[in-house]
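*Asks:* sequence first, then the predicted structure:
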Amino acid sequence: MIEVPHHLAGRHLTRINDFSSEELRDTLDLADRLKAAQKAGEPHELLPGKVLGMIFHKPSMRTRVSFETGMAQLGGHTINLREEEIGLGERETARDIATVLSRYVDAILVRTFAQEHVDELAEYASVPVINGLTDQTHPCQALADLMTIRERFGTLSGIRLAYVGDGNNVCRSLMRGASKFGMRFIAATPEGYEPRHRSIDETRQVAIQRGGTVELTNDPLAAVEGAQVVYTDTWTSMGQEAEHDRRLRDFAGFGVDDDLVARAGDDAIVMHCLPAHHGEEIEEDILYGPRSAVWDQAENRLHAQKALLALVVQ
Ligand code: CP
Ligand code: NVA
C-alpha cells in the first residue's frame, strides 16, 4: 500500500499559501505516486468510507468530476450540495454550515464567489476545507499546474513561465505556487488587469529567496521571449459575463497564437486551465498542437487532488 505522511492531516487548503514549499512538494510527490498507481492498476483505496461534501456556487466540469472520481478511486464518496440547498450566507451562515457539515462529512470542497466565505468555512469547520475556486484564487488548479510542469521538465526551480492574459484567480494562485518553487514567473496583462495581490512584494521576495523572479508587464511578446511555459486562461471569468465585450476589446493582442508561441523557447509547452474560448485567449491550432500540455494538465487535477485528499483527510 502507498505510504501517506500524516503531517498534513486536518489541514485546510483555502489558498496556496496555506502550504509551505515543502508541504506542496510532498503533495506533488504523492500525486506522482498516485498517478503511477492508477496507471498500473495498483489498488490505492486510501480513504475507505470517507465522505467529501462539495458546495458549488459556480459551474464546474473538471473540479466536480475530478473530485468525485478521485474520492471514488480512494474508496470514499462525495455529496454534491447545490446552491439552492445550501444557501451559503443567505439561508444559513458559513459558520453554521461549517459546524453542521463537520458532524457529517470528512472534508468540505467549496467553489464560490467570495474568498471570505471559504475562509469563514475553514475557521469554523473541524474537518479540512478545500477551495475549489473563488473570485480571488484557484489553488487546486495551481497544484495540477505545478505537477504538470514538473512532470514535463523534471523540475520547477528556474523554469520560466509566462502567463498571458487576465491577472485573475488562476494567475494569482499560479504566481504564488511558482514563487514557492523558485520559478521565473512573468505575467503579461493589459493595463488595469494586473494580478491585484495584496502582497505581491512578499510573493516576489519568496521567489527571490528561492532563486526565482516575479515580474509584471503589459507586453505579451516580450513576456514570452524564451519562456518554457506559456500559460493562459479565459479573459472573462465566471461572474464577469456582463464585461465580455469590453474585455474582448481590452485583451486584443493578448491571444496565444502561432506568432506569440514562436517567440517562446524551443521546448516550450502551452497550458490553459480550461474551459477554453477558441479564437479568444487561445487559437485552436495551439490548443490541439504539439506544444499543448492542456490535456495532461486537466488530467492532473485528478491526481493532484487525490494526493491532497489523502494527505488532509484523517
Ligand atoms: N479548470 C477548472 O477549474 O475547470 P472547471 O471550471 O470545469 O471545474
Ligand atoms: N478564471 C476562470 C477559471 C475557470 C476554471 C474563472 O474564474 O471563471
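*Replies:* The structure has been received and is ready for your questions. Ligands and ions are numbered 1, 2, ... in the order given.
*Asks:* list the helices and strands the host helix or strand of residue 259 packs on?
*Replies:* For residue 259, the element it lies in under DSSP states H and E is helix 258-262. Identification of packing neighbours for helix 258-262 by 3 or more C-beta pairs under 8 Å, 6 or more residues apart in numbering; DSSP states H and E yields helix 220-224, helix 284-287. Placement of C-beta: from N, CA and C, glycine included.
*Asks:* ok, which of these comes nearest ligand 1?
*Replies:* helix 284-287 (14.0 Å; C-beta to the nearest ligand atom).
*Asks:* stretch 252-268: which residues count as buried?
*Replies:* The neighbour-count check on stretch 252-268 (16 or more other C-beta atoms under 10 Å) flags 254, 255, 256, 260, 261, 263, 264, 268 as buried.
*Asks:* correct me, but the third one touches residue 230?
*Replies:* What it means is residue 256. Yes. Using C-beta atoms under 8 Å, residue 256 is in contact with residue 230, at 6.0 Å.
*Asks:* got a list of what the closest residue to residue 13 other than its chain neighbours touches?
*Replies:* In this structure, residue 13 finds its nearest non-sequential neighbour in residue 130, 5.0 Å apart by C-beta to C-beta, 6 or more residues apart in numbering. Taking C-beta atoms under 8 Å, 6 or more residues apart in numbering as the contact definition, residue 130 lies against 12, 13, 107, 108, 109, 110, 140, 305, 308, 309, 312.
*Asks:* can you check the pLDDT for residue 130?
*Replies:* Looking at residue 130, its pLDDT stands at 99.
*Asks:* quick check: next helix or strand after the strand or helix carrying it?
*Replies:* Following DSSP H and E, the helix or strand that holds residue 130 is strand 129-131. Counting by DSSP H and E, the element after strand 129-131 in chain order, helix or strand, is helix 139-153.
*Asks:* give the buried residues for that next one.
*Replies:* Buried-residue list, helix 139-153, by 16+ other C-beta under 10 Å: 139-152.
*Asks:* using PDB, write out every CA atom in whichever helix or strand residue 34 is part of.
*Replies:* Remark: residue 34 resides in helix 21-40, with elements defined by DSSP H and E. Taking C-alpha atoms only, helix 21-40 is exported to PDB below (Å, rounded to 0.1, in the frame of the first residue of the first chain):
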ATOM      1  CA  SER A  21       7.000  24.800  -0.200                       C
ATOM      2  CA  GLU A  22       7.900  21.500   1.400                       C
ATOM      3  CA  GLU A  23       4.200  20.700   2.000                       C
ATOM      4  CA  LEU A  24       3.400  21.500  -1.600                       C
ATOM      5  CA  ARG A  25       6.300  19.300  -2.700                       C
ATOM      6  CA  ASP A  26       5.000  16.400  -0.500                       C
ATOM      7  CA  THR A  27       1.600  16.800  -2.200                       C
ATOM      8  CA  LEU A  28       3.200  16.800  -5.700                       C
ATOM      9  CA  ASP A  29       5.300  13.700  -4.800                       C
ATOM     10  CA  LEU A  30       2.200  11.800  -3.600                       C
ATOM     11  CA  ALA A  31       0.300  12.900  -6.700                       C
ATOM     12  CA  ASP A  32       3.000  11.400  -9.000                       C
ATOM     13  CA  ARG A  33       2.900   8.200  -6.900                       C
ATOM     14  CA  LEU A  34      -0.900   8.000  -7.100                       C
ATOM     15  CA  LYS A  35      -0.800   8.700 -10.900                       C
ATOM     16  CA  ALA A  36       1.600   5.800 -11.400                       C
ATOM     17  CA  ALA A  37      -0.500   3.600  -9.200                       C
ATOM     18  CA  GLN A  38      -3.700   4.400 -11.100                       C
ATOM     19  CA  LYS A  39      -1.900   3.700 -14.400                       C
ATOM     20  CA  ALA A  40      -0.500   0.400 -13.200                       C
END
